[in-house]
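Colleague: Next input, structure requested:
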Amino acid sequence: MFFFFSKFLTLFIFPLPLVILSGLILSWTIVAGIKKKLLMSLPFLVLWFFSTNFTSQMLISSLEDEFPPIAIQDLDQHDVAIVLGGMFNNLTRYPERPELNSSADRITDALALYKQKKIKKILFTGGSGSLFFNQKTEADLAHIFFEEQGIPSSDIIWESESRNTRENALFSSKLVSPDDKIVLITSAFHMPRSVSEFNNSGITVTAYSTDFRTLSENTGFWENFIPLTGALDTSTIAIKEWIGRLAYWIF
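Modeller: Sure thing, here's the model as predicted:
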């Protein structure tokens, strides 16, 4: 019983559901007129919609299903693994201690492939995606990380100038041989756009998707429809990726 109430009460005390619930209550108690009530409620309903697993999972799975996971043992040997940045926080207060974010699987899977001798070298590509802060690149932080893991510097290729996926592909293409057999490692939601950009840059890759955000279909009613910050984050990531695909298609 305690467990049930501890979960149920989160609907009323966590910031996101509290804001949504309070906004809906105020919209229907303070504002007069049904049209005005609906208009006042709309932003909170939209926020609720994108904060549910029901919505976020539909959005993210539409991206991740294109390149399903591959078991390590089923992957052929490759010469180089190109690892796209996005897993380091280059805004950290303590850059001497690299901090991994929720996309950490990109680099940990690269380590796993290297240690199981599925790849000979790792090409890490990632500058700073920040508009104004460029003092530390992701490659700088990755250098510290790989050194701490005992990976020989002779087996790492660095690319630290790229700021987006298109530049990842363009700059990486200059650092590999046309004869190299290459595996591309990035988040599953990001893989379709990444493969397209690398193909456009003349690099044929084997897609090794990681960092899957799609959840089990058996999460239950409660988890599907209550507002969650994690679900809102997943929706945001999926929307951003779809916008990125559209922008790359146009330009």
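
Colleague: Might one say that I156 is in contact with K121?
Modeller: Yes - judged on CB atoms under 8 Å, I156 makes contact with K121 at a distance of 7.0 Å. C-beta: built from backbone N, CA, C; applies to glycine.

Colleague: Would you double-check that H190 falls in a helix?
Modeller: Yes - assignment of H190 by DSSP: H, G, I helix; E, B strand; the rest coil places it within a helix.

Colleague: contacting residues for it?
Modeller: L63, L84, G86, T165, E241 (CB atoms under 8 Å, 6 or more residues apart in numbering).

Colleague: Could you single out the nearest of those residues to G23?
Modeller: G23 has its nearest neighbour among the contacts of H190 in E241, at 28.0 Å by CB to CB.

Colleague: and the closest one, what helix or strand is that in?
Modeller: Taking DSSP states H and E as the criterion, E241 maps to helix 229-250.

Colleague: In PDB, list the C-alpha atoms belonging to that helix.
Modeller: Output in PDB follows, covering the C-alpha atoms of helix 229-250 (Å, rounded to 0.1, in the frame of the first residue of the first chain):
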ATOM      1  CA  THR A 229      10.100  14.400 -17.400                       C
ATOM      2  CA  GLY A 230      11.800  11.400 -19.000                       C
ATOM      3  CA  ALA A 231       9.000  11.100 -21.600                       C
ATOM      4  CA  LEU A 232       9.100  14.800 -22.300                       C
ATOM      5  CA  ASP A 233      12.900  14.500 -22.900                       C
ATOM      6  CA  THR A 234      12.400  11.600 -25.300                       C
ATOM      7  CA  SER A 235       9.700  13.500 -27.200                       C
ATOM      8  CA  THR A 236      12.000  16.500 -27.400                       C
ATOM      9  CA  ILE A 237      14.800  14.300 -28.800                       C
ATOM     10  CA  ALA A 238      12.500  12.700 -31.400                       C
ATOM     11  CA  ILE A 239      11.100  16.100 -32.500                       C
ATOM     12  CA  LYS A 240      14.600  17.600 -32.800                       C
ATOM     13  CA  GLU A 241      15.800  14.600 -34.900                       C
ATOM     14  CA  TRP A 242      12.800  14.900 -37.200                       C
ATOM     15  CA  ILE A 243      13.500  18.600 -37.700                       C
ATOM     16  CA  GLY A 244      17.100  17.800 -38.300                       C
ATOM     17  CA  ARG A 245      16.200  15.200 -41.000                       C
ATOM     18  CA  LEU A 246      13.900  17.800 -42.600                       C
ATOM     19  CA  ALA A 247      16.600  20.500 -42.500                       C
ATOM     20  CA  TYR A 248      19.300  18.200 -44.000                       C
ATOM     21  CA  TRP A 249      16.900  17.100 -46.700                       C
ATOM     22  CA  ILE A 250      16.100  20.800 -47.600                       C
END
